[in-house]
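Asker: requesting a structural model of the entry that follows:
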Amino acid sequence: MIVVTLQRAKCIGCNYCVEMAPAQFQMSKKDGKTVLLHSQEKKGFHTLKSNDENIYDANIQAAKACPVKIISVKQL
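Answerer: As a prediction, the model looks like this:
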């Protein structure tokens, strides 16, 4: 299982995550911050749990590219 976590409030809207993992991230037209698609929000953390192992590499690249380091990816 892949677990992707986003701290959306700290997002600066650079768009790198969308470029690296467009299947999981999208920019909001309302506030210009990223949205982690199909995620659950709890206490400011948006979490996506997926059994699709194919999303791991793209999300690792998104996490590495993020200049404010608000994306974490774990493989369980």
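Asker: quick one, strands of the chain?
Answerer: With strands called from DSSP state E, the chain shows them at 2-7, 25-27, 34-36, 40-42, 45-50, 71-75.
Asker: which strands and helices sit next to the fourth one?
Answerer: When contacts are defined as 3 or more CB pairs under 8 Å, 6 or more residues apart in numbering; DSSP states H and E, strand 40-42 sits against strand 45-50. The way it works is simple: take the backbone N, C-alpha and C, and place the C-beta from them, glycine included.
Asker: count of neighbours near Asn54?
Answerer: Asn54 has 9 neighbours, counted by other CB atoms under 10 Å.
Asker: contacting residues for it?
Answerer: By CB atoms under 8 Å, 6 or more residues apart in numbering, no residues touch Asn54.
Asker: now render the strands of the chain as CSV, adding mean pLDDT and mean neighbour count.
Answerer: Output for the strands of the chain, formatted as CSV (pLDDT from 0 to 100; neighbours: other CB atoms under 10 Å):
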stretch, mean pLDDT, mean neighbour count
strand 2-7, 98, 20
strand 25-27, 98, 18
strand 34-36, 98, 23
strand 40-42, 97, 10
strand 45-50, 98, 17
strand 71-75, 98, 17
